[in-house]
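> Curious how this folds, go ahead:
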Amino acid sequence: MYKYEMHVHTAECDPHAHVAAREIVRIYKELGYDGLVITDHYAAMFYDWFADELEGADHKACIERWLRGYREARDEGERLGLTVLLGAEVRFNGQINDYLIYGADEDFYLSAPPLNELSDLSELVSILPENALVVQAHPFRDKMTVCDPALLFGIEVHNGGTDPFRNEMARVFAEHYGKRMLSGSDLHRLEQAGRGGIMTDKKIKAQVDLISVLKSGDYSLICGKE
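Alright, predicted model coming up:
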C-alpha cells in the first residue's frame, strides 16, 4: 500500500509552521510515505504575514511568493523520489471556514482571481478546473460552520490538529450526507508529522492520479501514527 499525506503547511509560507518544505519531504520519506500534498494557507492572513515582502507586488507576484513552499518541497521530492503535489487551504475574507483544494495546478492559481476575495464557496467552485475537488477542512472547530454539502466533494474527518470528538462529529456529518472522507495531519510542527493521510494500492504520481483515487474511493484513512 502507498501512503500519501493530504494536509501540510510549510515554514516558507506560514510563520506558524515551523518545518521548512525540504525538511518536511525528508521527514515523510523517513516515515514511509510515498507522497504528500502541500496545502499552504491561501487567505488574507498570508498577505498580512508577508506584507513587507509583498508591498507593491501585483497578484501574480503574490502567487509566485505563495508557491515558494510547494516548489521547494517539489524539488526535494524529485531528488528523493517522493511525489509532491500542489494543493491549497482557502479561506474567504471575513469568514472562518477553511477549504482544501485538490487537483488545481500552478497555472490555475496564477491566472485565477484572488481566491480569498471571492464571496463564498459556490463562487470558488464555479471557477475551479473541471476535475478539481473541494474538501472542507476540520469543519467543527470553534466558530466554523458546516456549509451546503452539495458544494463539497468531501469532508476532512480526521485532522491531526483537531481533538477526536470534533473529528468524530465531522465523520458523522460526512456519513449522513454521503460525502467522501479525507484525513490529514495539518502539519505545522515536527511532532505532527504522520498523523494523517490516505493509503491506497494505486501509485499517485500526478494530480490526475490523485483525483482518480479520491473519486474512486479506493483508499483508506490514516488516523494517527501507526
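> use CA for all of it now, contacts and neighbours both
OK.
> From residue 135, how far off is the residue nearest the centre of the chain?
In the chain, the centroid-proximal residue (C-alpha atoms, centre = their mean) is residue 39; its distance is 3.3 Å. Distance, residue 39 to residue 135, by C-alpha to C-alpha, to the nearest Å: 12 Å.
> got any residues that touch both of the two?
Common neighbours of residue 39 and residue 135, using C-alpha atoms under 8 Å, 6 or more residues apart in numbering, are 100, 101.
> Tell me which residue of the protein is furthest from the middle?
Largest separation from the mean C-alpha position in the chain: residue 56, at 27.8 Å (C-alpha atoms, centre = their mean).
> Which of the helices or strands spans that one?
Using DSSP states H and E, residue 56 sits within no helix or strand.
> quick revisit: go ahead and confirm the residue nearest to the centre of the chain touches residue 84.
No. Residue 39 is beyond contact range of residue 84, at 10.7 Å (criterion: C-alpha atoms under 8 Å).
> Which residue ranges of the protein form helices?
For the chain, the helices defined by DSSP state H cover 21-30, 44-49, 51-54, 59-66, 68-80, 106-111, 121-127, 164-177, 207-216.
> export those to TSV and tack on mean pLDDT, distance to residue 148 and mean neighbour count?
Converted to TSV, the helices of the chain look like this (pLDDT from 0 to 100; distance: least, C-alpha to C-alpha, whole Å; neighbours: other C-alpha atoms under 10 Å):
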stretch	mean pLDDT	distance to residue 148	mean neighbour count
helix 21-30	98	34	20
helix 44-49	97	23	15
helix 51-54	96	33	12
helix 59-66	98	28	16
helix 68-80	98	30	19
helix 106-111	98	24	13
helix 121-127	97	9	15
helix 164-177	96	10	16
helix 207-216	98	19	16
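> Out of those helices, which gets nearest to residue 152?
Proximity to residue 152 (C-alpha to C-alpha) singles out helix 121-127 among the helices of the chain, at 8.7 Å.
> how about the closest one as PDB, C-alpha atoms only?
Below are the C-alpha coordinates for helix 121-127, written out as PDB (Å, rounded to 0.1, in the frame of the first residue of the first chain):
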ATOM      1  CA  LEU A 121     -17.800  28.600  -1.700                       C
ATOM      2  CA  SER A 122     -20.200  28.500  -4.700                       C
ATOM      3  CA  GLU A 123     -18.200  31.200  -6.400                       C
ATOM      4  CA  LEU A 124     -15.000  29.200  -5.800                       C
ATOM      5  CA  VAL A 125     -16.500  26.000  -7.100                       C
ATOM      6  CA  SER A 126     -17.700  27.800 -10.300                       C
ATOM      7  CA  ILE A 127     -14.100  28.800 -11.300                       C
END
